[in-house]
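# take a look and give me a structure for this.
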Amino acid sequence: MCQDLRCGSCWIGVAACVRRGLLGVLLLLFLPGARAAAQGLSPEQSLQKLHAAEGFRAELVAAEPLVRQPVAMEFDDRGRLWVIQYLQYPNPEGLQRVQV
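A predicted model of the protein is given here:
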């Protein structure tokens with residue numbers, strides 16, 4: 001595809017890409033089990049699929065309902081895990097709770 005968007009062949013290429021993209025979305029919506037797969041894995045299922053490097057291990061330390069809508073996490077100098085949650089999304093009014 002050329003870089004000049006005034007070129008007719010560019011728009012034909014873009015239209016073909018859009019059609020392929022829409023077809024893929026429609027197939028995913030109507031394939032059996034596709035909606036369940038789109039929901040993602042449970043924390044436990046995700047942990048089972050995780051492959052840690054030799055000498056390391058992965059543990060599930062926080063999941064819903066303990067942590068909801070996490071946006072950041074950090075370990076402090078004492079090895080404690082701190083998680084920032086954005087509970088107000090998408091309605092920023094109201095919830096002002098800070099929990100430690």
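
# residue 53 and residue 89, how far apart?
34 Å (Cβ to Cβ, to the nearest Å). To be clear about C-beta, it is placed using only N, CA and C from the backbone, and glycine gets the same treatment.

# ugh, wrong one, residue 56
32 Å.

# now the helices for the protein?
8-30, 34-38, 43-49 (DSSP state H).

# worst mean pLDDT among those helices?
Here these differ in mean pLDDT, and the lowest is helix 8-30 at a mean of 52.

# and the closest residue to residue 62 other than its chain neighbours, bridged to which residues?
In this structure, residue 62 finds its nearest non-sequential neighbour in residue 83, 6.1 Å apart by Cβ to Cβ, 6 or more residues apart in numbering. Following DSSP bridges, residue 83 is listed with bridge partners residue 73.

# residue 83 contacts residue 63, doesn't it?
No. Between residue 83 and residue 63 there is no contact under Cβ atoms under 8 Å: 10.9 Å.

# okay, the residue nearest to residue 62 and residue 70: tell me how far apart.
For residue 83 relative to residue 70 (Cβ to Cβ), the value is 5 Å.

# list residues touching both of those two?
residue 62 (Cβ atoms under 8 Å, 6 or more residues apart in numbering).

# hmm, back to that, okay, residue 56 and residue 89: which has more neighbours?
residue 89 (10 against 7; other Cβ atoms under 10 Å).

# measure the more buried one to residue 73 for me?
Residue 89 is 17 Å from residue 73, by Cβ to Cβ.

# tell me how many other residues surround residue 73.
For residue 73, the count of nearby residues is 13 (other Cβ under 10 Å).

# look at it and report its pLDDT.
With respect to pLDDT, residue 73 has a value of 87.

# ok, the one 4 residues further on next?
Per-residue pLDDT puts residue 77 at 94.

# not counting residues beside it along the chain, what's closest to residue 81?
In space, residue 81 is closest to residue 75, 5.7 Å off (Cβ to Cβ, 6+ apart).

# and the one you found, how far from residue 93?
32 Å.

# okay, these two: which has more neighbours?
residue 75 (9 against 6).

# isn't that one right up against residue 83?
No. Judged on Cβ under 8 Å, residue 75 makes no contact with residue 83 at a distance of 10.5 Å.

# that concludes my questions; thank you for your assistance.
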